[in-house]
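Starting from these lines, generate the structure:
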Amino acid sequence: MFTGTGTALVTPFRVDGSLDEATLRSLIKRQIDGGIDFLVPCGTTGESPTLTHEEHLRVVEITVELAKGRVPVLAGAGGYNTAEVIALASELAALGADGILSVTPYYNKPTQEGLFQHYCAIAGAVRLPIILYSVQGRTGVNIEPGTVKRLAEVENIVGIKEASGNVPQMAAILNVVPDDFIVLSGDDAITLPVVSNEIPAAMAQLTRLALQGDFSGARATHRRYHALMEINFIESNPIPVKAAMAEMGLLEPLWRLPLVAPKAENQARIRAVLEALELVERNPDARGVQRVHAAVAN
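Below you'll find the predicted structure:
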């Protein structure tokens with residue numbers, strides 16, 4: 001169910017800071033029309049830690065409504081309080097999500113046994129397919145291959161989004177889990193879950209080429225968009241991707257604190273990459289950078 005390209009969706013906001021449902025619907029339709037294989041609302045790229053509980057549910061509800069019968073929805077539900085994660089995941093299941101992406105507990109740094117018990121508790125309470133999400137650079141804790149192996153034995157823990165950036169660790173995981181256990185790459189330099197917000201059709205094609213064994217074609221697409229992959233992490237995700245999408249006219253350039261607009265010089269670099277890839281017209285006036293900063297100030 002969760003193979004191919006899954007987009008970690010950004011969450012669009014209005015100038016008054018509220019959820020922009022109309023733009024969210026437009027972005028979801030654009031993803032589906034672009035051939036994305038599954039959608040991931042309310043991950044960290046969606047600024048989920050800043051969403052209210054009601055907003056989190058509403059984003060997933062809208063995604064499920066538009067995606068139903070077309071692509072699966074892997075909804076985000078993670079955190080450092082196991083009981084709260086279970087409660088949220090249960091609500092997302094009731095909304096019709098097809099699976100749960102659950103990031104490791106952050107800040108409190110559980111042991112490997114703690115991680116094992118945490119995910120077993122979620123899987124036991126919520127019968128949807130569960131995808132583990134390991135991103136040590138943001139959470140301070142890593143799911144080690146031995147722990148992944150143990151968790152892969154749990155019936156409805158079906159995969160892991162591996163964003164450690166550690167290729168040997170990814171290889172070690174692949175060597176210890178069953179063949180049907182899903183290993184999703186969460187690093188844009190390796191695959192492109194964030195870049196697919198901007199160019200869903202190209203990224204869906206890249207992944208399909210790789211899955212079909214056409215690595216020459218996949219590498220060509222990868223090389224073409226490598227600068228975009230890199231610029232998307234010039235500052236903390238999702239600052240650059242939302243700035244780029246705003247330049248492309250897809251959403252308003254708005255983030256929730258503590259995220260703010262990119263530095264002016266980084267905004268210019270983002271614009272230059274978009275121009276080089278012909279994703280925006282060349283030689284714009286200076287309003288793009290000014291608009292980003294003004295919008296955040298309101």
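
where along this protein do the helices fall?
Secondary structure of the chain (DSSP state H): helices located at 21-33, 53-67, 82-95, 112-125, 136-139, 145-151, 167-176, 200-211, 215-231, 239-247, 264-276, 287-297.

Of all these, which one is nearest Glu47?
Proximity to Glu47 (Cβ to Cβ) singles out helix 239-247 among these, at 8.9 Å. Backbone N, C-alpha and C define where each C-beta goes, glycine included.

got TSV for the helices of the chain, with mean pLDDT too?
Shown next, in TSV, are the helices of the chain (pLDDT from 0 to 100):
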stretch	mean pLDDT
helix 21-33	98
helix 53-67	98
helix 82-95	98
helix 112-125	98
helix 136-139	86
helix 145-151	98
helix 167-176	92
helix 200-211	92
helix 215-231	93
helix 239-247	97
helix 264-276	97
helix 287-297	44
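
gap between stretch 95-104 and the chain center?
How far stretch 95-104 lies from its chain's middle: 12 Å, per Cα atoms, centre = their mean, to the nearest Å.

Return the set of buried residues in that stretch.
Of the residues in stretch 95-104, 95, 97-104 count as buried by neighbour count, 16 or more other Cβ atoms under 10 Å.

how long is it from one end to the other?
Start and end residues of stretch 95-104 are separated by 23 Å (Cα to Cα, to the nearest Å).

go on, stretch 102-118?
Where stretch 102-118 begins and where it ends lie 10 Å apart, using Cα to Cα.

likewise stretch 96-106?
Stretch 96-106: ends 27 Å apart by Cα to Cα.

Just the ones of the buried residues of stretch 95-104 in strands?
Members of the buried residues of stretch 95-104 lying in strands (criterion: DSSP state E): 99-103.

Format the buried residues of stretch 95-104 as TSV; extra columns: distance to Phe2.
TSV is the format used below for these (distance: Cβ to Cβ, whole Å):
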residue	distance to Phe2
Leu95	17
Ala97	12
Asp98	8
Gly99	6
Ile100	11
Leu101	9
Ser102	13
Val103	15
Thr104	18
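
which of the residues you listed lies closest to Ala172?
Distance to Ala172 across the buried residues of stretch 95-104 (Cβ to Cβ) is lowest for Thr104, with 17.4 Å.

Hmm, that closest one is touching Val141, no?
Yes: the criterion here is Cβ atoms under 8 Å, and Thr104 meets it with Val141 at 5.1 Å.

Spell out which residues are contacts of both of these two.
Residues touching both Thr104 and Val141 by Cβ atoms under 8 Å, 6 or more residues apart in numbering: 110, 115.

Count the residues that sit near Glu265.
9 (other Cβ atoms under 10 Å).

With Arg70 instead?
11.

dump the residue contacts of it.
Ile32.

isn't Val176 right up against Pro145?
Yes: counting by Cβ under 8 Å, Val176 does reach Pro145; the two are 5.6 Å apart.

who has more neighbours, these two?
It is Pro145, of Val176 and Pro145, that has more neighbours when counted by other Cβ under 10 Å, with 19 against 13.

before we move on, the earlier item: looking at the helices of the chain, which is closest to Pro41?
Proximity to Pro41, assessed across the helices of the chain by Cβ to Cβ, is greatest for helix 53-67 (4.4 Å).
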